[in-house]
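Trainee: Let's see this in three dimensions:
(one chain, ligands or ions: 1)
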Amino acid sequence: MPATLINNNSTVRLELPKSKASAEVRLYGATVTSWKSNGGQEKLFLSSKAALDGSSAIRGGIPIVFPVFGSPSDHKDAPLEVSRLPKHGFARTENWSISNRLSPVDEEGQVSVTLELSTTTRPNLKAVWDYDLHLEYTVTLTPSTLKCRLTVAHLATSPNSPMPFQALLHNYLAVPDSTKAGISDLSGSFYLDKNAGGEEGEELSQEIKLQGEPCDRVYVGKVKDSADGLSDGGRDITLKYNASLLDDPLRRMGKGVELSRSKELRDTVIWNPGQEAGDAIADLHEGGWKEYVCVEPGSVAGFEKLESGQTWQAEQTLTAW
Ligand SMILES: O=P(O)(O)OC[C@H]1O[C@@H](O)[C@H](O)[C@@H](O)[C@@H]1O
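Mentor: Numbers count the residues shown, from 1 in each chain. Here you go, the predicted model:
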C-alpha cells in the first residue's frame, strides 16, 4: 500500500516503490518532514533536535504558516484580530485529520493524502480566531515532484467576514552547504530586509548567494519588468547546489530543487540564520544552519481578505533535479 500510517498513526507515509520516491507527512501541523525523490535522495532538511512529539512547531520539513506570517506585531497593517495569534499562526501546531481514504498509486503514477483542520470543532482556535474556517492540505508525490496544495474555505456560517489571512509554505530545503548554494531568479524583485528593520531593497543579482551571511528577506511579488514598472511576481525559483560539492559521495543530493507556484503564492521569503543566530536556536542541531536554505512561497505582503462562503486555493510544486 503506497499510502500508510506509521509512527503510531502520527504520520502518513507516501511511497512509489518503483522509483524509490517517498514522503512523510505528520498530522501535527500537517508538516511534511521527509521527501525523497527519484532514487531516494532526501530533499528536505529536518533538525535532529526537532520536537516530533507535538510539543512545538517542527524545525524542518515544510511547516504551514497560517493565518499570520511572523509575529502579529511585525505588521503595521495587521487587522486587530490578528494580534491574538501566535508567531506564524496556528496551522503548524495543531493536529490535523486525514480527510480521504488512503489510496493506492493512481493511473498517473502518483500518490497523495489530504489532511484537514476546522476551527468549528476547536474551541481553543475559535477563542483566538473567531471565523468558521476549514483548511485542506493535499500532498501529492510523483517520482520527481512533491506538490502541496492548500485550500482555505471561509464557511458561510462564519460569525465574522471578511477573514484576513496570510499563508506561506515554509520549505526547509536541504543543501550540502548553505554558504555555497545559489538561489535564482529573483532579480528585479523588491524585498523587505527583516534583519535590517524592514528596510527596502531591490534584488540586483541573478543568483543570490548567502555565503554564510544571515538572510531574512521577504521578496514582494512585484517585479519591475512590466510596461508600467510593476507586475505580479510568483516566478519559478531554482535552488542550486554548488557543483564542486556534487562529487562527495556522502552528499549525493542531486543538483538542486526547482520551485513553481500558483499565482496566489506571489511572495518569497528567503531565510537562513547564519552561524551565530543558528547556534542560538534551541531545536536546531549544531551546524544545522549550514544544511538548509528556507525558500518559502507565500502571500505575506499585506493580508488576503476572504468573504464568508468563499474559498482560496494555492499550490507549490517542488521538482528535484
Ligand atoms: O523559529 P520560527 O518561528 O520557526 O521562525 C523561523 C523563521 O521563519 C522565517 O520565515 C522568518 O522570516 C524568520 O524571521 C523566522 O526566524
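
Trainee: Okay, now the unreliable bits of this structure?
Mentor: Flagging of the chain using pLDDT under 70 yields the residue ranges 1, 222-233, 243-252.

Trainee: ok, now with 90
Mentor: For the chain, applying pLDDT under 90 flags the ranges 1-2, 38-41, 75-80, 100-109, 185, 221-235, 240-255, 321.

Trainee: longest strand in it, by residue count?
Mentor: In the chain, with assignment by DSSP state E, the single longest strand is strand 292-306.

Trainee: Kindly report the residues of the stretch 151-300 of the chain close to the ligand.
Mentor: For the stretch 151-300 of the chain, the residues in contact with the ligand (Cβ under 6 Å from any ligand atom) are 170, 194, 216, 269, 271, 296. All C-beta atoms are positioned from the backbone trio N, CA, C, and that covers glycine.

Trainee: try 5 Å this time
Mentor: Contacts of the stretch 151-300 of the chain with the ligand, taken as Cβ under 5 Å from any ligand atom, map to 216, 269, 271.

Trainee: Enumerate every residue touching the last one.
Mentor: Taking Cβ atoms under 8 Å, 6 or more residues apart in numbering, we find Trp271 in contact with 215-217, 293-294, 296.

Trainee: what kind of secondary structure is it in?
Mentor: strand (DSSP: H, G, I helix; E, B strand; the rest coil).

Trainee: got it, and Ser73?
Mentor: helix.

Trainee: What count of nearby residues applies to it?
Mentor: Applying other Cβ atoms under 10 Å, we find 10 other residues in the vicinity of Ser73.

Trainee: How about the stretch 101-250 of the chain: which residue is closest to the ligand?
Mentor: Closest approach of the stretch 101-250 of the chain to the ligand (Cβ to the nearest ligand atom) occurs at Asp216, with a separation of 4.7 Å.

Trainee: Could I get the phi/psi values of that residue?
Mentor: phi -150, psi 90 (degrees, to the nearest 10).

Trainee: which ones are touching Tyr28?
Mentor: 10, 52, 54, 58, 93-96.

Trainee: partners of it in the sheet?
Mentor: Counting by DSSP bridges, Tyr28 is bridged to Asn95.

Trainee: And for Val65?
Mentor: When assigned by DSSP bridges, Val65 has beta-bridge partners Leu168.

Trainee: Tell me, how many residues neighbour the nearest residue to Ser10 once chain neighbours are set aside?
Mentor: Using Cβ to Cβ, 6 or more residues apart in numbering and skipping residues adjacent in sequence, the residue nearest Ser10 is Leu27, 5.8 Å away. Applying other Cβ under 10 Å, we find 21 residues neighbouring Leu27.

Trainee: Quick check: the gap between Leu27 and Gly61.
Mentor: Distance of Leu27 to Gly61, given as Cβ to Cβ, to the nearest Å: 13 Å.

Trainee: Look up which residues are beta-bridged to the residue of the stretch 201-321 of the chain at minimum distance from the ligand.
Mentor: Residue of the stretch 201-321 of the chain nearest the ligand, by Cβ to the nearest ligand atom: Trp271 (4.2 Å). Beta bridges link Trp271 to Asp216, Cys294, judged by DSSP bridges.
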